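Asks: Okay, sequence plus prediction incoming.
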Amino acid sequence: MPELPEVETVRRGLAPAMEGFVIERAQINRLDLRWPLPDRMAERLTGARVERLRRRSKYILADLTTGETLLIHLGMSGRMLVSGMMLGGFHHDHPAPQKHDHVVLHMEGGARITFNDARRFGAMDLVRTDREAAHWLLAGLGPEPFGNAFHEDYLIARLKGRATPIKTALLDQRVVAGLGNIYVSEVLHRAGIDPRRKAGRIAAPRVAGLVALIREVLAEAIEAGGSSLRDHRQPDGELGYFQHSFHVYDREGEPCQKPGCTGTVQRIVQSGRSSFFCPSCQR
DNA sequence: ATTAGACCCTGATCGC
DNA sequence: TGCGATCAGGGTCTAA
């Protein structure tokens, strides 16, 4: 799924279709995604105007004029498709309904937002906007990578004493929100840190350096329009998304791209997920 | 309190 | 072409 940069890209793609517009009809084709959809979701969305689209970690948050916020998580395979409006100079017609189109928002003016999610690890919920921070899915999240609360001293203190591998620690959304399996590998490669290294046993200056590198890697990916693999698409359905490539992720057996390094990218499994790294320049 | 592993679900891909 | 095993960017929950 989309990690933070992809979710941010989706949010930006949805904004012109949603911000300022009324949801005329919410079509719900299935009552549960990962969890049951909220009670009376269609009724609660119908007639609401979307004031603003925000992002928190990997969640998209749509503030409604009803005082509620629609919370959306794309899981692993969730996609948002925009149709029925001009996008990038072209009019996107409504596509034929697809398998796994679980929720369709029919917007004032004719645009449609289609949430498609084959694996159904995604989620949607409605929460009172003024109580959003206490929502069970958001309450435990760590700081935003680009926020002021995420800084060198914080990360050093947060990882102190932790015996878990740094790869696992950075994947933990309570430590920092928004990193996923791809970007953790990319960050650690850039930092020259072995993903197996115990988080609490890394010298403070190196941990401190991770803060800037995390921001750098995420910012570059957002800049690139959110990178993607396989099944992920930009909200407008265009495929220009598959261009971004990674230095180590999914490059097992390929030469390390760090200048001057002659190592070979290796794949290992950590807490059930693939990690890619260069044993030669990551220590 | 931490940490590893199972589990949720469907689809694509790979080896035979 | 078919078939099973494996893997996939998410996260939660349980049990050690």
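Replies: Structure's in. What do you need?
Asks: ok now do residue A:185, which residues does it touch?
Replies: Counting by C-beta atoms under 8 Å, 6 or more residues apart in numbering, residue A:185 touches A:167, A:195, A:246, A:248, A:249, A:275, A:276, A:277. Quick note: C-beta positions are derived from backbone N, CA and C, even for glycine.
Asks: how about the closest residue to the first one other than its chain neighbours, what does it touch?
Replies: Spatial nearest neighbour of residue A:167, chain neighbours left out: residue A:195 (3.6 Å); criterion: C-beta to C-beta, 6 or more residues apart in numbering. Taking C-beta under 8 Å, 6+ apart as the criterion, residue A:195 is in contact with A:165, A:166, A:167, A:184, A:185, A:188, A:268, A:270, A:275, A:277, A:282.
Asks: Look up which helix or strand residue A:195 falls in, please.
Replies: Following DSSP states H and E, one finds residue A:195 outside all helices and strands.
Asks: what's the distance between it and residue A:94?
Replies: 44 Å (C-beta to C-beta, to the nearest Å).
Asks: that older thread, what pLDDT does the residue nearest to residue A:167 get?
Replies: At residue A:195, the model reports a pLDDT of 97.
Asks: Likewise for residue A:272?
Replies: pLDDT, residue A:272: 91.
Asks: Please apply the same query to the one 4 residues further on.
Replies: The confidence metric pLDDT takes the value 96 at residue A:276.
Asks: Please spell out which residues along stretch A:181-200 are buried.
Replies: A:181-197, A:199 (16 or more other C-beta atoms under 10 Å).
Asks: again with stretch A:124-142
Replies: A:124, A:125, A:126, A:127, A:129, A:132, A:135, A:138, A:141, A:142.
Asks: Stretch A:22-39 too?
Replies: So, applying 16+ other C-beta under 10 Å, buried residues of stretch A:22-39: A:22, A:23, A:26, A:33, A:37, A:38.
Asks: Return the alpha-carbon coordinates of it using CSV.
Replies: The C-alpha coordinates for stretch A:22-39 follow below in CSV (Å, rounded to 0.1, in the frame of the first residue of the first chain):
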residue,chain,number,x,y,z
VAL,A,22,-21.2,18.5,-1.6
ILE,A,23,-21.5,14.7,-1.5
GLU,A,24,-24.8,14.2,-3.2
ARG,A,25,-24.9,10.5,-2.7
ALA,A,26,-22.8,7.9,-1.0
GLN,A,27,-23.1,4.5,-2.7
ILE,A,28,-22.0,1.7,-0.4
ASN,A,29,-21.6,-1.7,-2.0
ARG,A,30,-20.4,-3.5,1.0
LEU,A,31,-20.9,-3.0,4.7
ASP,A,32,-17.4,-3.9,5.8
LEU,A,33,-13.9,-3.3,4.7
ARG,A,34,-11.3,-4.3,7.3
TRP,A,35,-14.0,-3.4,9.9
PRO,A,36,-17.6,-2.7,9.6
LEU,A,37,-18.3,0.7,8.1
PRO,A,38,-19.9,3.2,10.5
ASP,A,39,-23.6,3.0,11.2
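Asks: what's in contact with that stretch?
Replies: By C-beta under 8 Å, 6+ apart, stretch A:22-39 touches A:41-42, A:44-50, A:64, A:73, A:75, A:101-108, A:117, A:120-126.
Asks: wait, which of the buried residues of stretch A:124-142 is closest to DNA strand B?
Replies: Nearest to DNA strand B out of the buried residues of stretch A:124-142 is residue A:142 (C-beta to the nearest atom of the strand; 12.9 Å).
Asks: residues touching that closest one, list them.
Replies: Residues in contact with residue A:142 (C-beta under 8 Å, 6+ apart) are A:150, A:158, A:172, A:173, A:174, A:175, A:176, A:177.
Asks: Secondary structure and distance to DNA strand C added to the contacts of residue A:195, as JSON lines?
Replies: Formatted as JSON lines, the contacts of residue A:195 follow (DSSP: H, G, I helix; E, B strand; the rest coil; distance: C-beta to the nearest atom of the strand, whole Å):
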{"residue": "A:165", "secondary structure": "strand", "distance to DNA strand C": "15"}
{"residue": "A:166", "secondary structure": "helix", "distance to DNA strand C": "16"}
{"residue": "A:167", "secondary structure": "helix", "distance to DNA strand C": "11"}
{"residue": "A:184", "secondary structure": "helix", "distance to DNA strand C": "8"}
{"residue": "A:185", "secondary structure": "helix", "distance to DNA strand C": "9"}
{"residue": "A:188", "secondary structure": "helix", "distance to DNA strand C": "14"}
{"residue": "A:268", "secondary structure": "strand", "distance to DNA strand C": "10"}
{"residue": "A:270", "secondary structure": "strand", "distance to DNA strand C": "11"}
{"residue": "A:275", "secondary structure": "strand", "distance to DNA strand C": "9"}
{"residue": "A:277", "secondary structure": "strand", "distance to DNA strand C": "13"}
{"residue": "A:282", "secondary structure": "coil", "distance to DNA strand C": "18"}
